[in-house]
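Undergrad: task: produce atomic coordinates for the following.
(chains A, B and C)
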Amino acid sequence: MKTQNNKAWFFVLPVLLLVAFSAVIPLMTVVNYSVQDSFGNNEFYWVGLEWFQEVLASERFHNSLMRNLLFSGLILLIEIPLGIAVALAMPRRGWGVSVCLVLMALPLLIPWNVVGTIWQVFARVDIGLLGHSLAALGVDYNYTQDTFDAWVTLILMDVWHWTSLVVLLCYSGLVSIPDAYYQAARIDGASRWAVFRYIQLPKMRRVLVIAVLLRFMDSFMIYTEPFVVTGGGPGNTTTFLSIDLVQMAIGQFDLGPAAAMSLIYFLIILLISWVFYTVMTHQDSDSVTDSRQGGNHQ
Amino acid sequence: MRPGNGYWRRIVWQTDMAKITLNNIAHSYDSNSGHALKPMSHEWHDGGAYALLGPSGCGKTTLLNIISGLLQPSEGQLLFDDVDVSTLPTEQRNIAQVFQFPVLYDTMTVAENLAFPLRNRRGPDKLSNTEIQQRVQQAITMLGLEAMANRKARGLSADDKQKISLGRGLVRTDVNAILFDEPLTVIDPHLKWQLRTQLKQIHRQFGHTMIYVTHDQTEALTFADKVVVMLAGEVLQTGTPQELFDSPQHTFVGKFIGSPGMNILPCELQGTQALIDAHRVTLAREYPSLTGVIELGIRPEFVYIDDSEQSLPVQITGVEDVGRHRIVRAMLGSHPLDIIVPEHQTIPTAPRVLFDNKRINIYQNSQLLGWEHPS
Amino acid sequence: MLELAGVSKRLGNEDHIRDVSLKLERGSMNILLGPTLSGKTSLMRLMAGLDQPTSGEILLDGKSVLGIPVQKRKVAMVYQQFINYPTLSVYENIASPLRVARVAKASIDKKVRHAAELLRLTEFLDKRPAELSGGQQQRTAIARALVKESQLVLLDEPLANLDYKLREELRQELPRIFSELGAILVYASTEPSEALLLGGNTATLHQGRVTQFGRTIDVFQRPADLVTARIFSDPPFNTAPVTKRGTKLMLERFVIGLSERQASLPDGDYTLGLRPWHLEIESAARLSAIEGRVSVTEITGSETYVHLQVAQQPWVSLSHGIRQLDVERTIPLYFSAENIYLFDASGERVLAPDSLAD
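TA: Numbers count the residues shown, from 1 in each chain, chains lettered A, B, ... in the order given. Model (predicted):
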């Protein structure tokens, strides 16, 4: 028994060290910064929760947070239904499967900053294919000047980049449904909608939880793309929490407030993810208790 | 009140079952390979209980899929009550099916599962809520699912799930046939008995046409009025369980039906006697001299331990006590011979056996000779 | 010898195995018989060393094997699903445990061919598992377990996914195939008829507890209690509440005369048990008569199962010949009092049929 356990620890050790250096230690450093003030010379003064109060009271933080919430909300509202729809439209067997899978995987292979650069050029009014075409069609489009246009560009970019992740996850859920289910539904005279609602959606639920969480966390932490494409503008209209944070920490070197803000940022993501997870898996746990009770009846 | 009395059958559960005709049906999965199902013509009666029995790969599932509409036969027609349905999609054939692994709508309750096929109806066939409630309630009573009607279907036991699958067929008035694809595979032996008898009762009470696919002879024989034995895409014999037991028309049927199956011993015919190696067996009738491979078939049930002059010496290679009787594995010369010995009979160490000669079948090239129904 | 002493396994709030003690001899076939979720697989995992018991001791030849990881034990396992390496040929599949153990090449070849011979796989050695039938795939998995020359071979419902007739065939071969190995065989099954055909010893399992362990036919004929009798019966065991008074047994309004041996039991309430083939629907001399209402008849070709209601209990009669009986009709039923079992209020068996008297 002991030998077994020792061996197991040995295998887990590298991961533990990695996590310690990459997550736990930086996190503790951040916590340390967030409760102290410094005037250079490596002198630190204990300030308690002052930085937290300051960040939470600042309008700049509120505005960025609202932008983040709006952005993530829009992303989820577009990418999840679109991803499901594309997954449903994909072929189940034959040569088309691999073609679709490769096409879907392509955007995922491109790094964030490259995606940003591609779109920055693509959407430019003077030379970009999209921007120029729109201008030629008489659409008044300019993402560097117009807030709405900037948002549309960022959202389009994210949808283009990340919807395939949702597609692939949903597709994996769909292909795991045995044929007998579809056959039974046909026999029961179920409509296309009923098949989706009662067979496909329930079977996709587990992967959808993963898709929603991943897309939420990722979109809530968005940084590179707006940084590259809009630089947070026009004005502050695409300045998200992450951009704000970097400006505060590196631009203004306000380490204390930045540390407090990053901790708040982290807790918000944790909280919202937990809410999503609980709500989406709620029904599951319900039926489990249900079946247990049932077992006792028999 | 239990369903099944006159009122329920006539008024509420009036069902509209169909005769099923296979008219030269054949199927091949692609044009290069041979037939997965060789051309066959059969007529299955309205309200009959049929079993398609055979080993895996014999074509029984292919045939079932053709009837359900999952497959279109490459040749021939399928008729329901003389109407050609060969090209109709599944949803227009009005059939119900119970699959090998229970298929349920997990997010619905048991009652909602049962109501589902009725709620899907549109247009003139649409049922009112009260009607749906009523029919669902009746199916619940019929299947004994009262205790779990309002529970989620997920997490129920396998046998309950199969009952609900069956229930989705029973609630409908328009079913032409109920198809079963090895429905007891995932059920424990004790519950198999319950479910099988329940199925049988439902068939007797409501007279649905039922087609049951299985590789398990016990299930096929106990369930069906007529068993269709298949091998390699062909129907070898269609008959009542008794016919398959007494007069298997093909040596394969003889071996496949029965536990253990029929003893098939190569022999030579000499008038009223069969010669198995050097051993002489007296037959009940005289056979002309025949060419080809001649074999004698005798069921283990009709081989008796006996000490008379005509009995044959055998060597025992093993004895399996299965409780109600023993299966003696023996050799008659160079041929294996199974014998069933009743509960309390003693087995001598060097036994001799006698064949019940009224129960001997003679096969020429695997086909039964002079087949007549023993009454 | 593998010995389990007071082994229990608890996961969360659920007892998977409760206080199991078993002694399995080398070269013996041991069947774990019980319905789904009765603990057969959990028990096998404990024997294999895949799981550790919450309490109790597992000894192999008198030495504790707890804490010895499964890789270091000589254990082979065959599952219900046909588990083979899909990209390897049948030959390499069978050879794989030997390659892992770095056995000499010539020796591998000899062993693989011998195992293939025994399992009738010789002509398929170059094929891949996907090209084989289900029966052949399972034979490959069994051959792999065989060449490993394990001390303990665990077979977890190995025939459940096979056709009925293939099952019959392999069931007959299995004891012979493994007999030369001299290993401890453990075979999980849900089917009483399978246990009887395999012979050897049987442990009946119910809710994680072993209710009885002994020679298969003994457990079948002399079940220790009602639970065991029910687990080990197919077709189902007929039971009904009865009251004994003197030399008579009362089943509802019917009276059953008892033999002297049977009459020596104390008076009181019992549960009567009767095998379906001891319940006749035709009268014969010296038989007790009761009544039952017919619910269904099933014909198997040479025999008839009549399902009835007797004393509000579902009963079955199995008799030779073909009979069609009208449903819902009440018919007389006959049996010999010699063949009855009696169980006391706690479910313990207090009486076996006369022919089996201890």
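
Undergrad: going forward, measure contacts between C-alpha atoms and count neighbours the same way
TA: Fine.

Undergrad: ok, residue 190 - contacts?
TA: The chain I'm using is chain A. B:117, B:120 (Cα atoms under 8 Å, 6 or more residues apart in numbering or on different chains).

Undergrad: wait, I meant chain B there
TA: Taking Cα under 8 Å, 6+ apart, we find B:H190 in contact with C:234-236.

Undergrad: hang on, it is in a helix, isn't it?
TA: Yes: counting by DSSP: H, G, I helix; E, B strand; the rest coil, B:H190 falls inside a helix.

Undergrad: show me where the chain has its helices.
TA: No chain was given, so I picked chain A. Ranges of helices in chain A, per DSSP state H, are A:2-19, A:25-34, A:50-57, A:59-89, A:96-108, A:112-122, A:129-136, A:147-175, A:179-187, A:192-195, A:201-220, A:224-229, A:241-246, A:255-297.

Undergrad: nope, chain C please
TA: Going by DSSP H, chain C shows helices at C:40-48, C:90-100, C:105-118, C:134-147, C:164-179, C:192-198, C:216-221, C:226-231, C:260-263.

Undergrad: any idea what B:N361 is bridged to?
TA: B:N361 has these beta-bridge partners by DSSP bridges: B:G297.

Undergrad: against B:T222, how distant is it?
TA: 24 Å (Cα to Cα, to the nearest Å).

Undergrad: so which of those two has more stuff around it?
TA: Ranked by neighbour count (other Cα atoms under 10 Å in any protein chain shown), B:N361 and B:T222 place B:N361 first, with 26 against 22.

Undergrad: thinking again about what came up before, which one of the helices of chain A lies closest to B:M210?
TA: Closest approach to B:M210 among those is made by helix A:179-187 (15.3 Å; Cα to Cα).

Undergrad: counting neighbours, what do you get for C:R10?
TA: C:R10: 13 surrounding residues under other Cα under 10 Å.

Undergrad: ok, it touching C:G39?
TA: No: look at C:R10 against C:G39 with Cα atoms under 8 Å: they stay out of range, at 11.5 Å.

Undergrad: show me the common contact partners of those two, please.
TA: Each of C:16-17 lies in contact with both C:R10 and C:G39 under the rule Cα under 8 Å, 6+ apart.

Undergrad: just the C-alpha atoms of stretch B:355-366, please, in PDB.
TA: Extracted in PDB, the C-alpha atoms of stretch B:355-366 (Å, rounded to 0.1, in the frame of the first residue of the first chain):
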ATOM      1  CA  PHE B 355     -33.000 -44.400 -29.100                       C
ATOM      2  CA  ASP B 356     -36.800 -43.800 -29.100                       C
ATOM      3  CA  ASN B 357     -37.200 -44.800 -32.700                       C
ATOM      4  CA  LYS B 358     -40.500 -42.800 -33.200                       C
ATOM      5  CA  ARG B 359     -38.400 -39.700 -32.500                       C
ATOM      6  CA  ILE B 360     -35.600 -40.500 -35.000                       C
ATOM      7  CA  ASN B 361     -35.300 -38.100 -37.900                       C
ATOM      8  CA  ILE B 362     -33.300 -39.000 -41.000                       C
ATOM      9  CA  TYR B 363     -31.500 -36.300 -43.000                       C
ATOM     10  CA  GLN B 364     -30.200 -36.300 -46.500                       C
ATOM     11  CA  ASN B 365     -27.700 -33.600 -47.200                       C
ATOM     12  CA  SER B 366     -28.900 -31.800 -44.100                       C
END
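
Undergrad: contacts for stretch A:107-120 next, please.
TA: By Cα under 8 Å, 6+ apart, stretch A:107-120 touches A:153, A:157, A:160-162, A:164-165, A:224-226, A:228-230.

Undergrad: so who does the closest residue to A:A123 other than its chain neighbours touch?
TA: Nearest non-adjacent residue to A:A123, counting by Cα to Cα, 6 or more residues apart in numbering or on different chains: A:G131, 4.4 Å away. For A:G131, the contacting residues are A:122-125, A:141-142, by Cα under 8 Å, 6+ apart.

Undergrad: excluding chain neighbours, what is closest to the residue of the stretch 51-200 of chain B found nearest chain A?
TA: Per Cα to the nearest Cα, B:P117 is where the stretch 51-200 of chain B lies closest to chain A, at 4.5 Å. Leaving aside its sequence neighbours, B:P117 sits nearest to A:D188 (Cα to Cα, 6+ apart; 4.5 Å).

Undergrad: and for B:K226?
TA: Nearest to B:K226 is B:T240, by Cα to Cα, 6+ apart, at 4.6 Å.

Undergrad: do the same with B:E268
TA: Closest to B:E268 by Cα to Cα, 6+ apart is B:L275, at 4.9 Å.

Undergrad: what packs against the host helix or strand of the one you found?
TA: Using DSSP states H and E, B:L275 falls within strand B:273-276. Under the contact criterion of 3 or more Cα pairs under 8 Å, 6 or more residues apart in numbering or on different chains; DSSP states H and E, strand B:273-276 touches strand B:268-270, strand B:279-282.

Undergrad: how about 10 Å then?
TA: With contacts defined as 3 or more Cα pairs under 10 Å, 6 or more residues apart in numbering or on different chains; DSSP states H and E, strand B:273-276 has these neighbours: strand B:263-266, strand B:268-270, strand B:279-282, strand B:294-298.

Undergrad: the residue in the stretch 201-350 of chain C that chain B sits nearest to: neighbour count?
TA: At 3.9 Å from chain B, C:G301 is the closest residue in the stretch 201-350 of chain C, using Cα to the nearest Cα. By the criterion of other Cα under 10 Å, C:G301 has 21 neighbours.

Undergrad: then C:E14?
TA: C:E14 - counted by other Cα under 10 Å - has 8 other residues nearby.

Undergrad: low-confidence ranges, the chain, go.
TA: This is for chain A. Along chain A, the parts satisfying pLDDT under 70 run over A:1-6, A:39-41, A:283-298.

Undergrad: switch to chain C, please.
TA: C:285-286, C:357-358.

Undergrad: around chain A, which positions in it sit nearby?
TA: Proximity of chain C to chain A is confined to C:52, C:65-69 under the rule Cα under 10 Å from any Cα of the partner chain.

Undergrad: kindly recompute the last result at 8 Å.
TA: C:66-69 (Cα under 8 Å from any Cα of the partner chain).

Undergrad: just the buried subset of the residues you listed, please.
TA: Buried subset of these (neighbour count, 16 or more other Cα atoms under 10 Å in any protein chain shown): C:66, C:68-69.

Undergrad: off-centre distance for stretch C:240-252?
TA: Relative to its parent chain, stretch C:240-252 has a centroid offset of 31 Å by Cα atoms, centre = their mean, to the nearest Å.

Undergrad: what about that stretch, start to end distance?
TA: Stretch C:240-252: ends 9 Å apart by Cα to Cα.

Undergrad: next, count neighbours for the residue in the stretch 251-375 of chain B positioned nearest to chain A.
TA: Proximity to chain A, evaluated over the stretch 251-375 of chain B using Cα to the nearest Cα, is greatest for B:F256 at 28.6 Å. Close neighbours of B:F256, defined as other Cα under 10 Å, add up to 24.

Undergrad: got a pLDDT number for it?
TA: We have a pLDDT of 91 for B:F256.

Undergrad: with adjacent residues omitted, what lies nearest to it?
TA: Nearest non-adjacent residue to B:F256 (Cα to Cα, 6+ apart): C:K165, at 6.9 Å.

Undergrad: filter the buried ones among the residues of chain C next to chain A by proximity to chain B?
TA: Answer for these near chain B: none qualify (Cα under 8 Å from any Cα).

Undergrad: I'd like those residues as CSV, with distance to C:L251 appended.
TA: Below are those laid out as CSV (distance: Cα to Cα, whole Å):
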residue, distance to C:L251
C:L66, 52
C:I68, 56
C:P69, 56
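
Undergrad: now for the residue nearest to B:E268: which residues touch it?
TA: Counting by Cα under 8 Å, 6+ apart, B:L275 makes contact with B:267-269, B:281.

Undergrad: follow-up on the earlier one: residues contacting the residue nearest to B:F256?
TA: B:55, B:216, B:256.

Undergrad: check A:C100 too.
TA: A:C100 neighbours (Cα under 8 Å, 6+ apart): A:M90.

Undergrad: let's go with 6 Å and repeat that
TA: Applying Cα atoms under 6 Å, 6 or more residues apart in numbering or on different chains to A:C100 gives no contacts.

Undergrad: alright, calling it a day.
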